[in-house]
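Trainee: here is a sequence with its predicted model. Questions after.
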Amino acid sequence: MMALRRTTMLAAAVGVLGAIVIPSWTADAQSLKIRQRMAAETRDLAQDTERTNRTCETALSVSFDWSNAPEDLTSFSAESYCNAALQAIRRVCGDQIGRDAVKKRIKSVTCGFAKARTIDLNDAGTLDYKINFSSVNDTDFVYEFLQNKL
């Protein structure tokens, strides 16, 4: 019951971002500090999403997939790594051709976690970006991918 209440509260914090996936190590084993961090990162990502939607004239949904997240989320900002992908999208939207391409091909962005940074854009329009906290130049990495994929 308590795990359900925490999940409900976290989902409410997501607001505009939609559904989130809770990692397998949640429930009672997850500390208050981690749950608060996840909620704060999700709130900050909502602001990044709004900025991206204004710039690109879109209605993208952006969310975290918290499964496979490292247990120590307090050492890194997942939001800033995910925002790197959104910064790349905003860069693509710097002209009308780019805005049109983003509007046509990208409907949502999911930021998850993996041992190696990866990115994929599926036919349904979901940009799936897997964060690796040791990666660098994430904005350039995503921008280059989008330039070749859109």
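Mentor: Arrived safely, thanks for sending. Residues are numbered from 1 along each chain as shown.
Trainee: measure T110 to Q96 for me?
Mentor: When C-beta to C-beta, to the nearest Å is the yardstick, T110 and Q96 sit 27 Å from each other. Yep, even glycine has a C-beta here, placed from its N, CA and C like the rest.
Trainee: between the two, who's got more neighbours?
Mentor: Each of T110 and Q96 had its neighbours counted (other C-beta atoms under 10 Å), and the higher figure belongs to T110 (20 against 9).
Trainee: dihedrals phi and psi, that one?
Mentor: Dihedral pair for T110: phi -120, psi 130, per degrees, to the nearest 10.
Trainee: who does it form a beta bridge with?
Mentor: The partner list for T110 in beta bridges (DSSP bridges) reads S63, D128.
Trainee: so the residue lying closest to A114 once chain neighbours are set aside, which of the three states?
Mentor: In space, not counting the residues next to it along the chain, A114 is nearest to K130; the distance is 3.7 Å by C-beta to C-beta, 6 or more residues apart in numbering. Per DSSP: H, G, I helix; E, B strand; the rest coil, the local secondary structure of K130 is strand.
Trainee: what number of residues lie near K130?
Mentor: Neighbours of K130 under the rule other C-beta under 10 Å: 19.
Trainee: ok, Q87 next?
Mentor: When counting by other C-beta under 10 Å, one arrives at 20 neighbours for Q87.
Trainee: I'd say it and D140 touch.
Mentor: No. In this structure Q87 lies outside contact range of D140 using C-beta atoms under 8 Å: 9.7 Å.
Trainee: give the contact list for the residue nearest the centre of the chain.
Mentor: Relative to the mean C-alpha position of the chain, the nearest C-alpha, by C-alpha atoms, centre = their mean, is the one of C111, at 3.4 Å. Contact analysis of C111 by C-beta atoms under 8 Å, 6 or more residues apart in numbering lists 45, 62-65, 78, 81-82, 85, 129-131.
Trainee: need these in TSV (columns: pLDDT and distance to D120).
Mentor: Shown next, in TSV, are those (pLDDT from 0 to 100; distance: C-beta to C-beta, whole Å):
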residue	pLDDT	distance to D120
L45	97	19
V62	97	15
S63	96	16
F64	96	16
D65	95	13
A78	95	18
Y81	96	16
C82	97	15
A85	98	12
Y129	98	8
K130	97	9
I131	94	13
